[in-house]
Structure formats: structure tokens, C-alpha cells
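Student: Predicted structure and sequence below. I'll ask about it afterward.
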Amino acid sequence: MPRRERLIRGIPVSHGLALGTVFVYRSSLPDLQERLIKPRETRREVDRFRRAVRGAQRDLTTLYGQVEREMGRAFAEFIDVQLALLTDEDVLTETVRFIEDRGRNAEFAYAETLKRLARPITGSVFKERGLDVVDVGTRVLRHLLGEDFPSLHNLAAGSVIVAHDLPPSEAALLDARIVKGLVLEGGGKTSHTAIMAKAKEIPAVVGVGPVSHEVHDGEQVIVDGYRGMAVLRPTRTRLRAFESDVELHRRQRRSLSRLTAEEPVTLDGKMIDLSANIEFVVEAEAARRYRARGVGLFRTEYIYLAKRRPPTEDEQYALFARVAKMLKPWPVIIRTFDLGGDKVIPGYAEANPFLGWRALRLCFDNPELLKGQIRAVLRASSVGNVKLMFPMVSTLDELRRAKRIVEDAKRELKRDGIRFDRQMEIGVMIETPSAALTADRIAAECSFLSVGSNDLTQYTLAVDRANERVAPLYDNLHPAVLQLIGRTVEAAHRAGIWVGLCGEFASDPLGVLVLLGLGIDELSVAPGLLAETKRIIRSIDAGSASEVVAETLRLGTAREVKRLLSHELHVRFPKLAQSLALFRDGGGDGDDGQ
């Protein structure tokens, strides 16, 4: 009997539509054949093991160069962690001892040593690095056995990978020409695999739960990276609908490509600074290619997450300076570490992470971490148009405290004769209701404001958007959220500074309509959404939009707001109404202050 269609839902982490055949990847150290060896074979087994380690070292060194070229040095340095695990003296010594004392074959001795040391023992170098251990271990075992298990190196074109997660070295080598999509049982928006998929524009859905046991290699699967779902064994009806969606998106992409050289200006002549949200060098390159007017949000916490350790000042400076030079003369707004929440670092444990020790709060308790980053940003300001932005400011006291650290960093650099832009602008992300309600006071003490709509909505409505039980309550168009954004815009303009928005609201057609009506000056979106957002901007008359928004602010529910906006959209902006098909549920940027 044919197996039935199965629809599974998860978290969208990389946009796009894909149809391919399943390749199930199982990442675990294999149970290897235990073989007794004779005393005279001991030396040969030890030599085999050491050659395999050297071979794995060569592999990782080559991989480092490739990842550095594609993603930048900061991300490639996760390989340093793997090299440290590979050459860890405990592993090498224990494996050789296992071979010599127990008289067992090299591959069995090595696998058993790793399994023992990989247990989460307090203080162990292996704690919280299980995936890296499996990754390194499998690489050495491949050299020992001359086998490719499990590996994506010989993957057939058109494959959709279904896995619990991918080891970092496999994720780093994902090839969009071969891999059509990813469906992961675990993971989140900050996993290596999710980050790589997004950077390489491979449609991906994560957090789908246990499904790998019920799919088989070669089965058809659809991946919808907009809605955050996958369809296993799709029916003919589903396939026809998918083909229609793909053709629609293909036509839209062709029409959008013609907009690259056009300016993001409204029908009545208002210029909007349309910028890009980035994490990696490859995204900065995409932003330049799509003619972004700079970087509105450079998320820096991924440098930390990629390294599994705090990055040094020099490491951060090298990355910031590279991006600043690449985008010059356009501005690059660098946000200080927004660690915590769902961006978990080793040793981080919070009962309520989104309302606890996060972002500036965490950095204030790690002053050297924050000052080192601020020094790196200041140094980069000498080679490009760099601005600094603080996340999760909830009180004016926090802004003032952060600015004092900036002044300390400036004095140190000046003392040491290190160049920096002494007039570098400092801005604040408005992500909490307290910040929005005191935006006039905050605006008086900084150079710009940037609304983080994802977090602002989450905190205003008391809704964890990752919680499926309450996710339907999360809505950027709730009147309370719109009023807070409007209040922020008015406060910024009264203070004579500009205000932007860098959440997924910035690429939603109704969102852009509302934001232009509220008087926003800048929008920042994922590089892949720049052209789509530009088309929306060019389809709107800002004056008419302000009239529509004035009516929405008198309404009481998000449903009423949507009904009014949808009606006015078709009456006043018919061209924009036609572009609504571009966007899907969950098809926004997916991260602002998060």
C-alpha cells in the first residue's frame, strides 16, 4: 500500500520553495567491529591511527580555507575547535593506550575513547560540544576505514536532507546546486546549519520533531521555507499546487531583478533608506549586489556562537573593517552582542531567558567583553561609515551606562594612538514598551533609533512567538504595537534624528504601508528581500498611506486593522495588492532584535 502524504511543521529559517528526494543523514558515531589484534600488530594499528589523525588535520585545514573564503574568518574558526578536539592529548593518549593495553583495532579503540570522553563531565573540553565530537570522530574513522559514512560529499543532485542536525563541517560545505532543501528535527535559528542554509539561500525548516524514522531515502518531499513546513510524499494535487507556486515566484523574481538599479522612493517622492540585515561577509556581498543603502543591522552574536568562545577585539575589528570597506560609503550599523534569549552560549541557563539575563544586561556583567567589542567597532569606524547600536535598552540609565563605556574605550584608543571616528554615531534599538514610551528621552541622547519589531511585538503582547500555543496571538498589526512604533517615530523626528525598523514587519506589504504612513525613514531587511521590499515602497504614496494609518490607529484589534488595510490596499494601491502573492506566512526577515 502506498504511504500517505504527511505534512509537518517547524520553524522557517531560510526562505524558498524546493522539491526533491529525501536523503536521511544520521550523525552518530557508528558501532564498529571489535577486533582482537596480536602483539606484533600493535605498532601497525597505532601508526594507522596517527596517520588517520594527520589526514583529518589536512582535511580540516583545507576546509578552513574554503569556509573563510565563503563566510569570513570569524565563522571559519569553528574549525579551530575541531582541530583542538582532534589533537586533544587525552584522546590521542587514551586511544593509543587502548590499542596497546587491550589489544584492539584502531577504529574500535578510537570510537570507544570518544564515546567515553564525550559524556558531559564537568570541566571536560568535550562538554556541550557533542556535535563537534561526532564530526571530528567520523572524519578520523573515514580515514581509518576508507569509507564514506555518513557524508554529504557524494550526494545526488536534487536532494533534500532530512536529519536531526548536521555536523558543522558538513553544514559548511552545503552546495545549493545540489542540496535543494533541509528539514531538521532539532535546531533553531542560531544553529550552524540554519545559519549556513540562510547564507546560501537553501530553503530550510528546523524544529520539526522526530521524522527521520518514518521517511526513506528517495521519497519525494516539498520544503516551504516561507511557511515553515515540509510535505512528505506529496499527492498529485499538492505537486500541481507546488508547481504553480514555483512558477509564480519565478515570474516575480524576473520582474524584481529589473528593480535592482532603481531607487527605493515612494510614488510621491519620499526616499527611504533601504538597508540590509546581515551576519556574514557573504551577506554583505549580497547586500552590495542588490544595491542596499548600507547595513541597517549587523548581528554580531553569531561571531561568538561560531567560535564557541568570546571573539577577540582584533578578530572582530578584522571582520567589521572588511564589511565597512565593502559597503563604503554607505553606513554599516553594528549591533553589540545580543546574547541570551534563544542565542544560548556555553554555561548559559535562565528560567525565563527572554525576560532575564540578555543582551546589554549580560554584557554589563561582562564589561571586558562589551568594551572589547566597542573598541573593535570604533577602530573599524576609521575605515568606513560605521555606526554603533545597542540592543534591548529598557531604561535611559542603560543607555547612559553604555555610552560611558564608549567614552572609556575612546580614551584608551586615543591614549594608544589608535585611529577612530570621534564623531561615530550611536543608536538604540527600541524593542521594549518601556523604551518606546520613553523614546523622547532616549532620542535626546543618541543619533538614531531603530525599532526591533519582532521583540517589540513579543514584549508588548506578552507572547513568545516560538511558543505554538500562543503564536496566533503574536501580530505586528496589533494597535498597541502600531501606537508604540508611531510614538517612537514622532519622538525621533522631534529630536531631529532619523528612525528605522529592522524586523520582519519591514518586508511585509501591509507592514511597509503602515510604516511609511507612520513616517519611518529607514527599513532594513534580509538581502534576499531587498528587491521585493523596494517594489512595495515604489508602489505606495506616503501621503495616502499616512491617511490610512490615521484611521487604523483608532481601531481596537489586529483583525480590524488588517480588514481596513486590505480594503484600502485594493482601493488606493492596486499595484501593491498584486504583490501580496510574493509573501507567505512566516515569509519575513525572521530576526531583528532576536
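Tutor: Everything's here; your move.

Student: isn't L362 right up against G340?
Tutor: Yes: in this structure L362 lies within contact range of G340 using Cβ atoms under 8 Å: 5.2 Å. From N, CA and C alone the C-beta is placed, and that goes for glycine too.

Student: Give the burial count for D101, as a bare number.
Tutor: Residues contacting D101 under the criterion other Cβ atoms under 10 Å number 10.

Student: and it, what element?
Tutor: Using DSSP states H and E, D101 sits within helix 89-102.

Student: Next secondary structure after that helix?
Tutor: helix 106-117.

Student: Counting by contacts, list what that following helix packs against.
Tutor: In terms of contacts (3 or more Cβ pairs under 8 Å, 6 or more residues apart in numbering; DSSP states H and E), helix 106-117 is packed against helix 42-71, helix 89-102, helix 130-145.

Student: Out of the ones you listed, which gets nearest to K200?
Tutor: helix 42-71 (8.3 Å; Cβ to Cβ).

Student: Pick out the residue nearest the middle of the protein.
Tutor: Nearest to the geometric centre of the chain sits I195, at 4.9 Å (Cα atoms, centre = their mean).

Student: And that one, what's its pLDDT?
Tutor: Per-residue pLDDT puts I195 at 70.

Student: again, but for the one 4 residues further on
Tutor: Model confidence at A199, given as pLDDT, is 72.

Student: Tell me who's in contact with it.
Tutor: By Cβ atoms under 8 Å, 6 or more residues apart in numbering, A199 lies in contact with M71, E279, F280, V282, E283.

Student: how far away is the fourth one from I37?
Tutor: When you say that, I think you mean V282. 47 Å (Cβ to Cβ, to the nearest Å).

Student: Could you list the low-pLDDT ranges of the stretch 1-150 of the chain?
Tutor: In the predicted model, the stretch 1-150 of the chain carries pLDDT under 70 at residues 1-2, 27-31, 70-75, 77, 118-131, 147-150.

Student: switch the cut-off to 90
Tutor: 1-4, 11-16, 25-34, 59-90, 111-112, 114-139, 141-150 (pLDDT under 90).

Student: So A276 belongs to a helix, correct?
Tutor: No: using DSSP: H, G, I helix; E, B strand; the rest coil, the assignment for A276 is strand, not a helix.

Student: ok, R538 to G356 distance?
Tutor: Distance from R538 to G356, by Cβ to Cβ: 42 Å.

Student: ok, the two, which is more surrounded?
Tutor: More crowded of R538 and G356, by other Cβ under 10 Å: R538, with 17 against 14.

Student: just checking, the more buried one touches L259?
Tutor: Yes: R538 is in contact with L259 according to Cβ under 8 Å; the separation is 7.4 Å.

Student: Of the helices and strands packed on helix 106-117, which stretch is the most buried?
Tutor: helix 130-145 (a mean of 21; mean count of other Cβ atoms under 10 Å).

Student: Export whatever helix or strand comes next after it to PDB, keeping only CA atoms.
Tutor: Under the assignment DSSP H and E, the closest C-terminal helix or strand after helix 130-145 is strand 159-163. Output in PDB follows, covering the C-alpha atoms of strand 159-163 (Å, rounded to 0.1, in the frame of the first residue of the first chain):
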ATOM      1  CA  SER A 159      18.500  16.000  -2.600                       C
ATOM      2  CA  VAL A 160      16.600  17.300   0.400                       C
ATOM      3  CA  ILE A 161      18.500  16.400   3.600                       C
ATOM      4  CA  VAL A 162      16.400  15.100   6.500                       C
ATOM      5  CA  ALA A 163      18.400  15.000   9.700                       C
END
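
Student: In terms of secondary structure, what does strand 159-163 contact?
Tutor: strand 17-25, strand 179-184, strand 220-224.

Student: which one of those is the most hemmed in?
Tutor: By mean count of other Cβ under 10 Å, those have strand 179-184 as the most buried, with a mean of 26.

Student: Now do the next helix or strand after it and strand 179-184, the angle between them.
Tutor: Of the helices and strands lying after strand 179-184 in sequence (DSSP H and E), the nearest is helix 192-199. Interaxial angle, helix 192-199 versus strand 179-184 (axes from the mean of the first three to the mean of the last three Cα atoms, to 10 degrees): 140 degrees.

Student: now helix 192-199: how far from the chain's centre is it?
Tutor: 7 Å (Cα atoms, centre = their mean, to the nearest Å).

Student: Dump it to CSV, keeping only the CA atoms.
Tutor: Provided in CSV are the C-alpha atoms of helix 192-199 (Å, rounded to 0.1, in the frame of the first residue of the first chain):
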residue,chain,number,x,y,z
HIS,A,192,25.3,26.3,12.3
THR,A,193,23.1,24.5,9.8
ALA,A,194,20.4,27.1,9.9
ILE,A,195,22.9,30.0,9.5
MET,A,196,24.6,28.3,6.6
ALA,A,197,21.3,27.4,4.9
LYS,A,198,20.2,31.0,5.1
ALA,A,199,23.5,32.4,3.9
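
Student: Taking helix 130-145 as reference, get the angle to it.
Tutor: Between helix 192-199 and helix 130-145, the angle comes out at 90 degrees (the same axes, to 10 degrees).

Student: List the buried residues in helix 192-199.
Tutor: H192, T193, A194, I195, M196, A197, K198, A199 (16 or more other Cβ atoms under 10 Å).

Student: what number of residues lie near L36?
Tutor: 10.

Student: Relative to L144, how far out is it?
Tutor: 17 Å.

Student: And E185, by the same measure?
Tutor: With Cβ to Cβ as the criterion, E185 and L144 are 29 Å apart.

Student: same question, K200
Tutor: 31 Å.

Student: now the helices: where do they sit in the stretch 251-400 of the chain?
Tutor: Using DSSP state H, counting those that start in this stretch, the helices found in the stretch 251-400 of the chain span residues 281-289, 301-307, 313-327, 360-364, 367-380, 396-415.

Student: so can I have TSV of the ones you listed showing mean pLDDT and distance to R177?
Tutor: Conversion of the helices of the stretch 251-400 of the chain to TSV gives the following (pLDDT from 0 to 100; distance: least, Cβ to Cβ, whole Å):
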stretch	mean pLDDT	distance to R177
helix 281-289	87	15
helix 301-307	74	24
helix 313-327	95	25
helix 360-364	90	40
helix 367-380	96	34
helix 396-415	97	44
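
Student: can these go into TSV with extra columns for mean neighbour count and distance to D175?
Tutor: What follows is these, written out as TSV (neighbours: other Cβ atoms under 10 Å; distance: least, Cβ to Cβ, whole Å):
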stretch	mean neighbour count	distance to D175
helix 281-289	20	14
helix 301-307	21	20
helix 313-327	20	24
helix 360-364	20	36
helix 367-380	22	32
helix 396-415	15	41
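
Student: do you know which of the ones you listed lies nearest R494?
Tutor: Nearest of these (Cβ to Cβ): helix 396-415, 16.1 Å.

Student: what's the spacing between the closest one and its chain's center?
Tutor: 28 Å.
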